[in-house]
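Asks: Pasting the sequence and the predicted coordinates here, then a few questions.
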Amino acid sequence: MYRGFLLFGLKAKFKEGTILIQMIPFVLLHFGKPEVETLSTLFYRHPFRLYLLPRQILLPAFLIHLFINIFFVALITGK
């Protein structure tokens, strides 16, 4: 929720820099989790930035994030 506020609320003032502003707390929240999950937050930022952000559509990003979370939980727990 805070990411949407940061992305769309600060976009007029910081333009492309808004992506970096919202990415910092997001990556920090992933510290302590498996490294592959933390690194994936950096990798998936670019497709979201290039395609979804200019169109201001959140559903595909939500669904991709949901799939990634389910995948990592299944991978880690073995279920």
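Replies: Arrived safely. Numbers count the residues shown, from 1 in each chain.

Asks: max-length helix in this structure?
Replies: In the chain, taking DSSP state H as the definition, the longest helix is helix 59-77.

Asks: Flag every buried residue along that helix.
Replies: Residues A61 are the ones in helix 59-77 that count as buried (16 or more other Cβ atoms under 10 Å). (Each C-beta comes from the backbone N, C-alpha and C, glycine too.)

Asks: count of neighbours near L7?
Replies: 21 (other Cβ atoms under 10 Å).

Asks: where's it, which helix or strand?
Replies: If you go by DSSP states H and E, L7 is part of helix 2-9.

Asks: How far does the next helix-or-strand element following that helix sit from its chain's centre?
Replies: Following the chain from helix 2-9 toward its C-terminal end, the next helix or strand by DSSP H and E is helix 11-14. Distance, stretch centre to chain centre, for helix 11-14: 19 Å (Cα atoms, centre = their mean, to the nearest Å).

Asks: Check which residues of helix 11-14 are buried.
Replies: Those buried within helix 11-14 under the rule 16+ other Cβ under 10 Å are K11.

Asks: Contacts for it next, please.
Replies: Taking Cβ atoms under 8 Å, 6 or more residues apart in numbering as the criterion, the residues outside helix 11-14 that touch it are 18, 21.

Asks: so how far is the longest helix of the chain from its chain's centroid?
Replies: 12 Å.

Asks: Before I go, just wanted to say thanks for your time.
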